[in-house]
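**Student:** predicted model follows, preceded by the sequence.
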2 protein chains.
Amino acid sequence: MRKKKDRAGDGEFAREGLTNSRIHGSIARTLGVAIVSGQYAPGDILNNEIDSSEQLQVSRSAYREAIRILAAKGLVESRPKTGTRVTERNRWSLLDPEVLAWFFESEPSEEFLKGLYELRMIVEPAAAALAAERRDDGQLERMRKALIQMESQTLATDAGQAADRDFHDTVLEATGNAPLFTLSSSIGAAVRWTTIFKQRKRELPRDPMPDHWKVFDAIAAARPDQARQAMEKLVGLALEDTRAAIDPKD
Amino acid sequence: MRKKKDRAGDGEFAREGLTNSRIHGSIARTLGVAIVSGQYAPGDILNNEIDSSEQLQVSRSAYREAIRILAAKGLVESRPKTGTRVTERNRWSLLDPEVLAWFFESEPSEEFLKGLYELRMIVEPAAAALAAERRDDGQLERMRKALIQMESQTLATDAGQAADRDFHDTVLEATGNAPLFTLSSSIGAAVRWTTIFKQRKRELPRDPMPDHWKVFDAIAAARPDQARQAMEKLVGLALEDTRAAIDPKD
DNA sequence: TTGGCTATTTAGTCAGACAAATAGCGATCT
DNA sequence: AGATCGCTATTTGTCTGACTAAATAGCCAA
């Protein structure tokens, strides 16, 4: 019924571009972007499978697999005779990593960004507090390494940004709460796109390191309240930066 | 390229059992349950498509569509030559409504339940505070109606439980934060299964209404801090009840 | 007017073929 | 011995075309 893995940790799948390099993945992405960007409105009915697959020059089966992906993420719903229609927004899996990526592929609304930050503002301080109580040495070490990397590379480099995400990821992981950790992809997306927006304005105004180190120190010192407050400040400042980068006035 | 919806709000798709009534949906469910219940471990490689589809007595295309669903939810990853393997737990979309349902189909671990409650404990009080600031009259009305319904039906009935979920849903919705609202399915699942676990012990110990009304009153009175505290207490008590229902000692 | 039957449209399923990717092996060269 | 290159077998990916089943709309009869 199954084969055991031969070697533990045999080095991660390639992952990025794996699904998109295949036809079903790229069609899903195309349609997904069109849906979240409002090109199709909720309630709209897609052309039937035959026409759609012809227009896209792919086989019906590849097109159907793409639709299954979208349906799995709550973006569409299919039924015989009626066709495939775009579902209401409140059923979309907005926190799904791919859906999030599709959002950011076409200039997400300011409201959406604000929502993501508000979520960070709720989740991350609480997570930092839990992490301060539960983190193990390995996690602490990874946080420290991430911050050192971030410090030396700066947020202008990919490596620096990855280190930033690593830090936030590890905080979530250190809560030991699996459902909570799931949100790391969403938060990571917010972090990532924030940085991009900021850089668009060619201003990297504030040194983010002191705030990050304060969070780390509090977690390392096992002080939940201090960690919560430090993280609150960190996210709050990031929000302000992003707002400033978006708003023309400033 | 698309057809507009003819009638606005022409009455919701049937939704429950829609995906599961189709072969691809039921295969996805079967495999999904097997995966989240640990029957397949992360890193395990599923049999190839030909063998699997034969064993399950379905066509290869139906089986493939099922795999696409699982892949969209982060449970598996496919590539040529290597096959389809179960991904690491930290990539699973634990907050996806279907994944959550699969979890609850086979006795979720106590740790997982604890994680969900911890998430509620983080998210719902904050949401209640936001709702107190932003709710509109329609949402208030729906909350009130839900509580009245819950009061008259009690949590022993489906209608009463649905009203309970409605209430929590509406609070999330009233935050006006779309990403946050996405969590309602997860929280709804926690609420639903909580009630079931409690009833299994045949004890419906405490009257949940006073706590609910306190939350409502604070939101209606536009008092964020009061709403936060009331919700904190509500979720905290629910957690205790669930713990008591699980733990044999008590 | 109503109730049920039928025609039609759509997604769903199936079968079988061929294409593309790639892990792993083996031969070859250094 | 070790590294490198290329082959090959295996697996998913894609395609085609046919048939099935579900759901709806519209007709027809009572």
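**Tutor:** Cool, got the structure.

**Student:** pLDDT at the residue of chain A found nearest DNA strand D, what is it?
**Tutor:** As assessed by Cβ to the nearest atom of the strand, DNA strand D sits closest to A:Ile23 within chain A, at 2.9 Å. (Glycine included, C-beta is placed from N, CA and C.) Listed pLDDT for A:Ile23 reads 97.

**Student:** quick check: it touching A:Ser61?
**Tutor:** No - using Cβ atoms under 8 Å, A:Ile23 is not in contact with A:Ser61; the gap is 9.7 Å.

**Student:** who in chain A is up against DNA strand C?
**Tutor:** Proximity of chain A to DNA strand C (Cβ under 7 Å from any atom of the strand) is limited to residues A:6, A:14, A:46, A:48-50, A:60-61, A:64, A:67, A:78-84.

**Student:** those residues in strands, which ones?
**Tutor:** Among those, DSSP state E puts A:Leu46, A:Ser78, A:Arg79, A:Gly83, A:Thr84 in strands.

**Student:** separation between A:Ala178 and B:Ser109?
**Tutor:** Noted for A:Ala178: a distance of 10 Å to B:Ser109, by Cβ to Cβ, to the nearest Å.

**Student:** can you list the weak-confidence ranges in chain A?
**Tutor:** Where chain A drops to pLDDT under 70, the residues are A:1-17, A:201-205, A:247-250.

**Student:** for it, longest helix please?
**Tutor:** Longest helix in chain A, counting residues (DSSP state H): helix A:110-134.

**Student:** buried set for that one?
**Tutor:** Residues of helix A:110-134 classed as buried: A:112-132 (neighbour count, 16 or more other Cβ atoms under 10 Å in any protein chain shown).

**Student:** please apply the same query to stretch A:199-215.
**Tutor:** A:Pro208, A:Asp211, A:His212, A:Lys214, A:Val215.

**Student:** how far away from the center of its chain is that stretch?
**Tutor:** Counting by Cα atoms, centre = their mean, to the nearest Å, stretch A:199-215 is centred 20 Å from the centre of its parent chain.

**Student:** just the CA trace of it, in CSV.
**Tutor:** Extracted in CSV, the C-alpha atoms of stretch A:199-215 (Å, rounded to 0.1, in the frame of the first residue of the first chain):
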residue,chain,number,x,y,z
GLN,A,199,11.7,49.3,-2.1
ARG,A,200,9.6,50.5,-4.9
LYS,A,201,9.7,53.9,-3.3
ARG,A,202,13.4,53.5,-3.2
GLU,A,203,13.4,54.3,0.5
LEU,A,204,14.6,51.9,3.1
PRO,A,205,14.0,54.4,5.8
ARG,A,206,14.5,52.7,9.1
ASP,A,207,16.9,50.2,10.4
PRO,A,208,14.7,47.2,11.3
MET,A,209,17.4,45.4,13.3
PRO,A,210,17.0,47.0,16.7
ASP,A,211,13.3,46.1,16.8
HIS,A,212,14.1,42.5,15.7
TRP,A,213,16.8,42.1,18.3
LYS,A,214,14.5,43.3,21.1
VAL,A,215,12.0,40.6,20.1
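
**Student:** check contacts around the nearest residue to A:Ala159 once chain neighbours are set aside.
**Tutor:** Closest residue in space to A:Ala159, ignoring its immediate chain neighbours: A:Gln153 at 4.6 Å, by Cβ to Cβ, 6 or more residues apart in numbering or on different chains. A:Gln153 is in contact with A:Ala159, A:Gly160, A:Ala163, counting by Cβ atoms under 8 Å, 6 or more residues apart in numbering or on different chains.

**Student:** separation between A:Gln153 and B:Ile187?
**Tutor:** The spacing between A:Gln153 and B:Ile187, counted by Cβ to Cβ, is 38 Å.

**Student:** A:Ser106 now?
**Tutor:** With Cβ to Cβ as the criterion, A:Ser106 and B:Ile187 are 29 Å apart.

**Student:** looking at these two, which is more packed in?
**Tutor:** Neighbour totals were compared for A:Ser106 and B:Ile187, and B:Ile187 leads with 23 against 12 (other Cβ atoms under 10 Å in any protein chain shown).

**Student:** returning to that earlier point: show me which of the contacts of A:Gln153 are buried.
**Tutor:** Buried members of these, counted by 16+ other Cβ under 10 Å: A:Gly160, A:Ala163.

**Student:** what residues does chain A have near DNA strand D?
**Tutor:** So far as Cβ under 7 Å from any atom of the strand goes, chain A lies against DNA strand D at A:22-24, A:57-62, A:65, A:79-82.

**Student:** kindly recompute the last result at 6 Å.
**Tutor:** A:Arg22, A:Ile23, A:His24, A:Val58, A:Ser59, A:Arg60, A:Ser61, A:Ala62, A:Arg79, A:Pro80, A:Lys81, A:Thr82 (Cβ under 6 Å from any atom of the strand).

**Student:** from those residues, which would you call buried?
**Tutor:** Buried positions within the residues of chain A next to DNA strand D, assessed by neighbour count (16+ other Cβ under 10 Å), are A:Arg22, A:Ile23, A:His24, A:Val58, A:Ser61, A:Ala62.

**Student:** would you turn those into TSV with distance to A:Val171?
**Tutor:** Output for those, formatted as TSV (distance: Cβ to Cβ, whole Å):
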residue	distance to A:Val171
A:Arg22	34
A:Ile23	38
A:His24	35
A:Val58	42
A:Ser61	43
A:Ala62	40
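
**Student:** helix or strand right after the longest helix of chain A?
**Tutor:** Note on helix A:110-134: by DSSP states H and E, the next helix or strand toward the C-terminus is helix A:137-153.

**Student:** the next helix or strand along the chain from that next one to helix A:137-153, inter-axis angle?
**Tutor:** Later in the chain than helix A:137-153, the nearest helix or strand by DSSP H and E is helix A:158-174. Interaxial angle of helix A:158-174 relative to helix A:137-153 (axes from the mean of the first three to the mean of the last three Cα atoms, to 10 degrees): 160 degrees.
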